[in-house]
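Undergrad: Show me how the following folds:
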Amino acid sequence: MESDEQKRLDNKKRTLGVGELELPRKLFHSSIGPIAIGIYISQVSRTIVLRLLTILLLVILVIDLFRLRSTVVGRGRFASLYESVVGRLMRESERQKLNSTIWYLLGAVISVASFKRDIAITSICILAFADTSASTVGRLLGRYTYTLPSPPFGQKKSLAGFTAAFLTGAFTSWLIWGSTFGQATIAEAGKLSTDTLSWTTESKLRFPLLMIVVGIISAVTESLDVHGLDDNLTIPVISGILMTLLLK
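TA: Below is the predicted model of the structure:
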């Protein structure tokens, strides 16, 4: 039976947002967005970014496989050390399977390798920002709004989270294409090669409609259940494909 002290600690965690809202995990998740934008602005080459992401992916994959092996053979010291360092960033369901960071990095690698610069960065930012806002708002307000049909959407996905993802996705498109630094980046990239961008001010799709399109893509991809695949992989890949098809 749970002790009064344990109940007190659990309540304190919920008050701080460490429990239900998973604040440490969400802060880490969303921190990738500013890094991606910084890479976009600085015009770092695709080759360099791919090499760094691939190396990081392989290193974390090897470490996580050691953790899983350590867990299987009896929760050894390595698994305990691993969880003492990054345990607050993990969900309970991840303790017996690959860490979601691996799927996050794999999604980023596929996006950078497959899409033009602006779409690759936007798809990663959708994962970093829209997924985080949808999860947070959904947990706080989802019980008061309509639950989305499952399938095609995931279980317990709410209109509140869907709306948050839409608004965040639209804001992300403004950051990448409409803000002052976004416009400056587009101009600088255009000097290097027009093939690096999918949308410019000369595109047929006007900017207000662009924001709506990206917002819808963000909301839909965040809410979809793709045969149980980790959304850290599906969100950037599917959103990148849709933006490539629609941003002509």
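
Undergrad: Could you point out the helix or strand that follows the helix or strand of the chain with the lowest mean pLDDT?
TA: Least confident element among the helices and strands of the chain, by mean pLDDT, DSSP states H and E: helix 4-16 (a mean of 46). The element immediately downstream of helix 4-16 (helix or strand, assigned by DSSP states H and E) is helix 23-42.

Undergrad: Check which helices and strands that following helix sits against.
TA: Other helices and strands packing on helix 23-42, by 3 or more Cβ pairs under 8 Å, 6 or more residues apart in numbering; DSSP states H and E, are helix 100-114, helix 117-125, helix 131-141, helix 180-192. Just so you know, the C-beta spots here come from the backbone N, C-alpha and C atoms, and that holds for glycine as well.

Undergrad: if we go to 6 Å?
TA: Helix 23-42 sits against helix 117-125, helix 131-141, with contacts defined as 3 or more Cβ pairs under 6 Å, 6 or more residues apart in numbering; DSSP states H and E.

Undergrad: Next, the angle from the lengthiest helix in the chain to helix 23-42.
TA: Ranked by residue count and defined by DSSP state H, the top helix of the chain is helix 46-72. Counting by axes from the mean of the first three to the mean of the last three Cα atoms, to 10 degrees, helix 46-72 lies at 160 degrees to helix 23-42.

Undergrad: what's the average pLDDT for helix 46-72?
TA: The average pLDDT within helix 46-72 is 87.

Undergrad: can you pull the buried residues of it?
TA: Neighbour counts over helix 46-72 (16 or more other Cβ atoms under 10 Å) mark 49, 53-54, 57, 60-61, 64, 67-68, 70-71 as buried.

Undergrad: same deal with stretch 109-129?
TA: By neighbour count on 16+ other Cβ under 10 Å, the buried set for stretch 109-129 is 109-112, 115-129.

Undergrad: Give me the neighbour count for the nearest residue to W199 once chain neighbours are set aside.
TA: Excluding the flanking residues, the one nearest W199 by Cβ to Cβ, 6 or more residues apart in numbering is L247, at 4.8 Å. Neighbours of L247 under the rule other Cβ atoms under 10 Å: 22.

Undergrad: now swap in G38 and tell me
TA: Neighbour count of G38, defined by other Cβ under 10 Å: 11.

Undergrad: got a list of what the residue lying closest to F115 once chain neighbours are set aside touches?
TA: For F115, ignoring the flanking residues on the chain, the nearest one in space by Cβ to Cβ, 6+ apart is G240 at 4.5 Å. Shown in contact with G240 (Cβ atoms under 6 Å, 6 or more residues apart in numbering): 111, 115, 119, 123.

Undergrad: State the pLDDT value of the last one.
TA: Going back to what we said before, that points to S123. With respect to pLDDT, S123 scores 97.

Undergrad: how about the residue nearest to the spatial centre of the chain, secondary structure?
TA: When Cα atoms, centre = their mean is applied to the chain, the residue found nearest the centroid is L127 (2.3 Å). Under DSSP: H, G, I helix; E, B strand; the rest coil, the three-state class of L127 is helix.

Undergrad: Next, give phi and psi for S203.
TA: The phi/psi pair for S203 (degrees, to the nearest 10) reads phi -70, psi 150.

Undergrad: Before we move on, what's the pLDDT of it?
TA: You'll see S203 listed with a pLDDT of 84.

Undergrad: Count the neighbours of it for me.
TA: Residues lying near S203 (other Cβ under 10 Å) number 14.

Undergrad: what's the answer for G142, then?
TA: Using other Cβ under 10 Å, G142 has 21 neighbouring residues.

Undergrad: Just give the closest residue to it, not the sequence neighbours.
TA: Computed as Cβ to Cβ, 6+ apart, the closest residue to G142 that is not its neighbour in sequence is S158, at 3.3 Å.

Undergrad: Could you report the distance from L209 to A113?
TA: For L209, the distance to A113 equals 28 Å [Cβ to Cβ, to the nearest Å].
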